[in-house]
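**Q** here's a sequence, model it:
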Amino acid sequence: MRWVPTALRSAAAISAGLLLFGSFPPRPWWFLAPLGIAVLTLVVCDSGRLRAGFGYGFLAGAGFFLPLLPWTGIYVGPVPWLALSTACAGYIGLFGLAARLVGVLPGWPLWVALAWTTAEWGRSSFPFGGFPWGRVAFGQADGWFLSLAAIGGAPLVGFAVALTGTSAAALVRLLWSSRGHRTVAAASPGDVEKGVPGPVEDRGVVPWGRCALAAVALVVMPVAGLLLRATLPAPDAGDRTITVAAIQGSVPRLGLDFNEQRRAVLDNHVGRTEELARDVAAGRLPQPDVVIWPENSSDIDPLRNADAFALITAASEQIHAPILVGAVLVNSDHTTTNSVIVWNGVAGPGERHDKKIIQPFGEYLPMRAFFRLFSEYADRAGYFVPGHGDGVVHAAGIDIGVATCYEVAFDRSFEDAMRAGAQLLTVPTNNATFGDSEMTYQQLAMSRIRAVEHGRALVVAATSGVSAIIAADGSVRQETPLFVPAALVAELPLREGNTPATRIGPIPERVFAILTAAAVLAAVVRRRSARTGPPTDRKVTIYRRSSARLRAH
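**A** Residues are numbered from 1 along each chain as shown. Presented below is the predicted three-dimensional model:
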């Protein structure tokens, strides 16, 4: 297929990226992800030089990330959006380069799929702690691959999607190459010695065995996902049940300036909690055991501000339950901490989770003096510092694992909490700074993956939406609309057993990375051997390349 013009390959690469974008929420078209990877694989594995593999991969990355991430520049201009999209596209370019290398190895669909997963691991880790947004697993919350998260987490889901795509590409290549194109027959030993190709003949033999193997690899992962769906816990199954409420107070206005009306945001959440208390007192809703407020529900430090302290205490007393309050705390060194505090009525603040994975260029700015040269918004980045601890807070006798907003994108977000015995998970989040973009739906899908990964019910509490109650099988039992004050109340099961994904943690991704490195090394050695072999071998290589060119035409 090397006869395909560069312009057409470039268009196909961009289309592959757009297909990947189309697989992400709020669209339910999860099946576009393996199709996008199949198209990209066909482009980069037949692209000639290594730099072409990188270039086409980069184009696909641009086609993917530019439409996926515009919310990053809604209120700060296009520079951060374009810069972040370009950096992320570079990792897809590296995948294209690696795929071009390992695409010559036996069993190449496996190695290319591993290269995809490893590229996602790299993007999720480097630089500045990585940026996992856009991993293909996060577009699969409605798809057949979802249940694989309980076995190997998001990395296994991503690998399954990639292997399905690369296997489809392999099947297409096999069927294409078997068409009645001109084929070079075997040359005589003397001709081989002279570097002369054999005679050209027309034939179209279908390699049915290899096609069958590719077809099996194409269906094995989605079928496995469908079969494993039956092993996921039922939404109501658990050791015991509790009643949880999630409060969405909404905000006075969207954008970066929403927190200039910090008192109004706090009042909104207090008021909606008091309304819930009246519904409970009237018997319209059940009494919650615990109430969860979103991130930034109190941007006024309630440990330093007496009014905020009194308001939250009164709300907790009125609802007769502890409240998990998302608050911004000012430290003695004038840095800030993004915290979730357990507020126990008149007893006041108790345990807290300080956000451990903080957002670069938002909650803090690495190399502030340098980036100040490029954007007037640089100084609007916060001075937050990461917290420590295991991510678990205890409220009403329940062990609750917390991952605040950005943290949920990372595989390690709930690892410590699950090891510490979390029975219920929650993601308090504030999406008001991203307007009515698709960001909130993309993040909700991540929470659904985490619920399946760890086999726990999960509560999303958002300032402006979407708040949701998610069962351990990834289904959304309740959700709120955007920008509407609301309270979700649900009976949720508590569990103590762990999924295989929880027990093995990051091992699958490490294994994938090691295997990819080994495949790349083997491909490099093979490539160098072909270039530096003895003269006769080089002539055979010339013959094979000539044969390949004739087959392509």
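
**Q** so which residues of the stretch 201-350 of the chain form strands?
**A** 240-248, 290-292, 323-330, 336-343, 349-354 (DSSP state E, counting those that start in this stretch).

**Q** which of those strands sits most buried?
**A** Across the strands of the stretch 201-350 of the chain, the average number of neighbours (mean count of other Cβ atoms under 10 Å) peaks for strand 290-292, which reaches a mean of 27. (Each C-beta comes from the backbone N, C-alpha and C, glycine too.)

**Q** still on that earlier bit, dump the strands of the stretch 201-350 of the chain into JSON lines; add mean pLDDT and distance to residue 388 as well.
**A** Listed next are those as JSON lines, based on pLDDT from 0 to 100; distance: least, Cβ to Cβ, whole Å:
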{"stretch": "strand 240-248", "mean pLDDT": "97", "distance to residue 388": "26"}
{"stretch": "strand 290-292", "mean pLDDT": "98", "distance to residue 388": "22"}
{"stretch": "strand 323-330", "mean pLDDT": "97", "distance to residue 388": "14"}
{"stretch": "strand 336-343", "mean pLDDT": "97", "distance to residue 388": "11"}
{"stretch": "strand 349-354", "mean pLDDT": "96", "distance to residue 388": "7"}
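
**Q** need those strands in TSV with distance to residue 399, can you?
**A** What follows is the strands of the stretch 201-350 of the chain, written out as TSV (distance: least, Cβ to Cβ, whole Å):
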stretch	distance to residue 399
strand 240-248	11
strand 290-292	11
strand 323-330	13
strand 336-343	12
strand 349-354	11
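
**Q** wait, which of those is closest to residue 144?
**A** strand 240-248 (28.9 Å; Cβ to Cβ).

**Q** orientation of the closest one relative to strand 323-330 in degrees?
**A** Angle, strand 240-248 to strand 323-330, by axes from the mean of the first three to the mean of the last three Cα atoms, to 10 degrees: 50 degrees.

**Q** what distance separates strand 240-248 from the centre of its chain?
**A** Here the centre of strand 240-248 is set off from its chain's centre by 26 Å, with Cα atoms, centre = their mean, to the nearest Å.

**Q** again, but for stretch 147-167
**A** For stretch 147-167, the distance to the chain centre is 12 Å (Cα atoms, centre = their mean).

**Q** same question, stretch 42-51
**A** From the chain centre to the centre of stretch 42-51 is a distance of 26 Å (Cα atoms, centre = their mean).

**Q** could you do stretch 381-397 as well?
**A** 22 Å.

**Q** quick one: buried residues of that stretch?
**A** 381-382, 384-385, 387, 390-393, 395-396 (16 or more other Cβ atoms under 10 Å).

**Q** report the rounded mean pLDDT for that stretch.
**A** The predicted model assigns stretch 381-397 a mean pLDDT of 92.

**Q** between the two ends of that stretch, how far is it?
**A** Using Cα to Cα, to the nearest Å, the end-to-end distance of stretch 381-397 comes out at 37 Å.

**Q** then stretch 323-342?
**A** 6 Å.

**Q** again with stretch 248-262
**A** By Cα to Cα, the extent of stretch 248-262 from end to end equals 15 Å.

**Q** what does stretch 365-380 give?
**A** One end of stretch 365-380 to the other measures 9 Å (Cα to Cα).

**Q** please apply the same query to stretch 469-484.
**A** The first-to-last residue distance of stretch 469-484 comes to 16 Å (Cα to Cα).

**Q** do stretch 317-332 as well
**A** End-to-end span of stretch 317-332 (Cα to Cα): 30 Å.

**Q** for it, what is the distance to the chain centroid?
**A** With Cα atoms, centre = their mean, you get 29 Å for stretch 317-332.

**Q** on that earlier part again, quick one: which of the strands of the stretch 201-350 of the chain is nearest residue 120?
**A** Across those, closest to residue 120 is strand 336-343 (Cβ to Cβ), at 26.0 Å.

**Q** identify the residue nearest residue 234 in space, chain neighbours excluded?
**A** Once flanking residues are discounted, residue 234 sits nearest to residue 473: 7.2 Å by Cβ to Cβ, 6 or more residues apart in numbering.

**Q** same deal with residue 287?
**A** With sequence-adjacent residues excluded and distances taken as Cβ to Cβ, 6+ apart, residue 287 is closest to residue 280, at 5.3 Å.

**Q** surely the one you found and residue 321 touch.
**A** No. With contact defined as Cβ atoms under 8 Å, residue 280 does not reach residue 321; the gap is 9.2 Å.

**Q** mutual contacts of these two, please.
**A** 287-288 (Cβ atoms under 8 Å, 6 or more residues apart in numbering).

**Q** more crowded one of the two?
**A** In terms of neighbours (other Cβ atoms under 10 Å), residue 321 is the more surrounded of residue 280 and residue 321; the figures are 25 against 21.

**Q** so what's the more buried one up against?
**A** 245, 287-291, 396.

**Q** adding distance to residue 483, write the residues you listed out as JSON lines.
**A** Below are the contacts of residue 321 laid out as JSON lines (distance: Cβ to Cβ, whole Å):
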{"residue": "245", "distance to residue 483": "20"}
{"residue": "287", "distance to residue 483": "28"}
{"residue": "288", "distance to residue 483": "23"}
{"residue": "289", "distance to residue 483": "28"}
{"residue": "290", "distance to residue 483": "25"}
{"residue": "291", "distance to residue 483": "21"}
{"residue": "396", "distance to residue 483": "30"}
